[in-house]
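Colleague: fold the following.
(one chain, ligands or ions: 1)
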Amino acid sequence: MKLLTTGTAGFIGSEFVRQAVAKGYDVVVVDCLTYAGDLERLKSVNGNFKFYNTDVSNSEEVDNIFKIENPDAVVHWAAETHVDRSILDASPFMKTNVFGTHVLLDASKKYGIQKFINIATDEVYGELGETGSFFENTPLEPNSPYSVSKTSADMLGRAYYRTYGVPVVTARPSNNYGPWQFPEKLVPVVILKSLNNEKIPVYGQGLNVREWLYVSDCAEAVMTLLEKADPGSIYNIGSGQEQKNIDVVKKILNLLGKDDSSIEYVQDRPGHDFRYSLNYDKITNELGWKPKVHFQEGIESTVRWYLENLKWAEKKLDFLRDYWSSVYKK
Ligand SMILES: NC(=O)c1ccc[n+]([C@@H]2O[C@H](COP(=O)([O-])OP(=O)(O)OC[C@H]3O[C@@H](n4cnc5c(N)ncnc54)[C@H](O)[C@@H]3O)[C@@H](O)[C@H]2O)c1
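Modeller: Prediction:
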């Protein structure tokens, strides 16, 4: 089976490619290598894959790739993914996440794709208070420009299934962590800043709660959807491992042998969702997937990975320092 995968030079998508190639799938990677994309992540793939340096919002180029490759299925990970950047400038989010998804769905309709896995997020549901969880039929109430763009893409998938019969399956994963994550997201930020003896910025009081899903578990869940889910279905992908941000920060500092004195509470992110929590009984009961990696085990192996791959991470951090200093100069 030939898979056209998008955004797979990124954090989670590259792990999906590693798993798919190891399982014998014929894999095509489509990624335009934004600041978040890096082919280094694919160096450890055990086998061949084909790479197109292409923007998913370029309909001509995307059409051409479908014509040449004639894929059986699409697994669509490509997106702008950082909420803070979407608050500064939402345009790239609308272009890639909304229009890019539309382009890929159109090509999938034209070329008769057998399955289209549309990667959404738990952020489409909005926020929860201290209790409760999101089910697949919970109304969508996104709050940030990022989550609105992802919700729009999620709904486009629904419309292409309902209107044209494109066999879309929607995946809504929770917060991922693990090796190769770009160091603008919480876990690698804390690891790297702490190693550099810098202050660790924590939004508000750090009380926001996320459900932490190890990256290999997420990729395995998406593989399960590819192989087993019915067109038109929607699945939450969770871990049940809820943690307050401040507790994640303290766990990492503890693993690095540091105390909490470097924590610096900073002004909260505008519109910051308080808590996400997914009920993922559906994927477990219907398709037999459940997460394997407990948070403690996952965070230990993540910290170890960054310690062993500091050169890669530091390079990204230098890039980010330049980016944020140019933002603050404006
Ligand atoms: N990271 C998480 O915690 C999380 C949680 C739930 C859902 N998701 C979703 O999973 C997907 C992957 O997330 P990630 O954290 O691996 O992202 P990432 O930011 O690490 O990678 C995104 C990839 O998409 C590529 N890309 C961006 N714009 C593109 C475009 N116009 N054309 C082609 N390629 C483009 C980038 O080059 C990069 O390789 C996204 O759709 C994201 O919304 C992520």
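
Colleague: use CA for all of it now, contacts and neighbours both
Modeller: Will do.

Colleague: please see if stretch 85-93 touches the ligand.
Modeller: No. Under the criterion of C-alpha under 6 Å from any ligand atom, the ligand is not reached by stretch 85-93; the shortest gap measures 8.0 Å.

Colleague: buried stuff in that stretch?
Modeller: For stretch 85-93, burial by neighbour count (16 or more other C-alpha atoms under 10 Å) applies to Ser86, Ala90, Pro92, Phe93.

Colleague: just stretch 43-51 next, same as before
Modeller: Buried residues in stretch 43-51 (16+ other C-alpha under 10 Å): Val45, Phe49, Phe51.

Colleague: for it, how far is the first residue from the last?
Modeller: Taking C-alpha to C-alpha, to the nearest Å, stretch 43-51 runs 12 Å from one end to the other.

Colleague: quick check, it touching the ligand?
Modeller: No. Applying C-alpha under 6 Å from any ligand atom, one finds stretch 43-51 separated from the ligand by no less than 11.3 Å.

Colleague: give me the below-cutoff pLDDT ranges for this protein.
Modeller: Applying pLDDT under 70 to the chain flags residues 328-330.

Colleague: interface residues of it facing the ligand?
Modeller: Residues of the chain lying near the ligand (C-alpha under 6 Å from any ligand atom): 7-13, 31-34, 36-37, 54-57, 77-81, 96, 119-121, 173-176.

Colleague: for stretch 252-269, the distance to its chain's centre please.
Modeller: 24 Å (C-alpha atoms, centre = their mean, to the nearest Å).

Colleague: typo on my end, it should be stretch 146-155
Modeller: 13 Å.

Colleague: residues making contact with that stretch?
Modeller: Identification of contacts with stretch 146-155 by C-alpha atoms under 8 Å, 6 or more residues apart in numbering yields 80-83, 86-87, 90, 93-94, 97-98, 101-102, 118-121, 123-124, 140, 142, 170.

Colleague: please save the CA atoms from that stretch in PDB.
Modeller: The C-alpha trace of stretch 146-155 is given here as PDB (Å, rounded to 0.1, in the frame of the first residue of the first chain):
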ATOM      1  CA  TYR A 146      -4.300  27.700  15.900                       C
ATOM      2  CA  SER A 147      -7.200  25.600  17.200                       C
ATOM      3  CA  VAL A 148      -9.700  27.500  15.000                       C
ATOM      4  CA  SER A 149      -7.600  26.600  11.900                       C
ATOM      5  CA  LYS A 150      -7.400  23.000  13.000                       C
ATOM      6  CA  THR A 151     -11.100  22.900  13.700                       C
ATOM      7  CA  SER A 152     -11.800  24.300  10.200                       C
ATOM      8  CA  ALA A 153      -9.600  21.600   8.700                       C
ATOM      9  CA  ASP A 154     -11.400  19.000  10.800                       C
ATOM     10  CA  MET A 155     -14.700  20.200   9.500                       C
END
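
Colleague: for that stretch, which positions count as buried?
Modeller: Result for stretch 146-155 [16+ other C-alpha under 10 Å]: buried residues Tyr146, Ser147, Val148, Ser149, Lys150, Thr151, Ser152, Ala153, Asp154, Met155.

Colleague: now, among those residues, which is nearest to the ligand?
Modeller: Within those, the smallest distance to the ligand is 6.6 Å, found for Lys150 (C-alpha to the nearest ligand atom).

Colleague: ok but that closest one is inside a strand, no?
Modeller: No. Counting by DSSP: H, G, I helix; E, B strand; the rest coil, Lys150 is not part of a strand but helix.

Colleague: any idea how far it is from Trp324?
Modeller: Distance from Lys150 to Trp324, by C-alpha to C-alpha: 24 Å.

Colleague: please apply the same query to Asn48.
Modeller: To Trp324, Asn48 is 36 Å away according to C-alpha to C-alpha.

Colleague: which two in the buried residues of stretch 146-155 are spaced the farthest apart?
Modeller: Greatest spatial distance in those: Tyr146 and Met155, 14.3 Å, computed using C-alpha to C-alpha.

Colleague: so where do the helices sit in the stretch 201-330 of the chain?
Modeller: 215-228, 245-255, 281-287, 295-308, 310-329 (DSSP state H, counting those that start in this stretch).

Colleague: thank you, goodbye.
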